[in-house]
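Student: Attaching a predicted model along with its sequence, questions to come.
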Amino acid sequence: MLKGYLETRGIYKETILISPITGHTFSIERLIECIEKIGKEESFLHVLNILPFRNDTKLLINYLSGIGEGYLRKIAL
């Protein structure tokens, strides 16, 4: 579901994100797996749908980069 949503906006699983806080890199695929693992896929999709920049791929990638590391850390703990 989430993967398909992002692909319709031009963001594919091969896309690499860079955390603006730490500079760590991670893939969209890893972020999607993390969100699915904690069971927040539906909630995450609702958030993406209300964002004013949901149709701007560059801003959406920046948003995902910023929040992605938080989700990845949540799984690591």
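Tutor: Everything's here; your move.
Student: so what secondary structure elements neighbour the least confident helix or strand in the chain by mean pLDDT?
Tutor: Using mean pLDDT, DSSP states H and E, the weakest-scoring helix or strand in the chain turns out to be helix 57-76, at a mean of 83. With contacts defined as 3 or more Cβ pairs under 8 Å, 6 or more residues apart in numbering; DSSP states H and E, the packing partners of helix 57-76 are strand 16-18, strand 25-27, helix 28-37. Yep, even glycine has a C-beta here, placed from its N, CA and C like the rest.
Student: and these as CSV, adding distance to residue 73 and mean neighbour count?
Tutor: Below are the helices and strands packed on helix 57-76 laid out as CSV (distance: least, Cβ to Cβ, whole Å; neighbours: other Cβ atoms under 10 Å):
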stretch, distance to residue 73, mean neighbour count
strand 16-18, 14, 16
strand 25-27, 11, 15
helix 28-37, 9, 18
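Student: what bits of the chain have low per-residue confidence?
Tutor: For the chain, applying pLDDT under 70 flags the ranges 54, 76-77.
Student: make it 80
Tutor: Low-confidence segments of the chain (pLDDT under 80): 53-55, 71, 73-77.
Student: In it, which residue is most central in space?
Tutor: Residue closest to the mean C-alpha point of the chain, counted by Cα atoms, centre = their mean, is residue 64 at 4.1 Å.
Student: Could you pull up the residues touching the residue nearest to residue 72 when sequence neighbours are not counted?
Tutor: Leaving aside its sequence neighbours, residue 72 sits nearest to residue 34 (Cβ to Cβ, 6 or more residues apart in numbering; 5.5 Å). Taking Cβ atoms under 8 Å, 6 or more residues apart in numbering as the criterion, residue 34 is in contact with 71, 72, 74, 75.
Student: was I right about residue 57 contacting residue 12?
Tutor: No: counting by Cβ atoms under 8 Å, residue 57 does not reach residue 12; the two are 10.7 Å apart.
Student: Double-check residue 74 against residue 38; I have them as touching.
Tutor: Yes: counting by Cβ under 8 Å, residue 74 does reach residue 38; the two are 6.4 Å apart.
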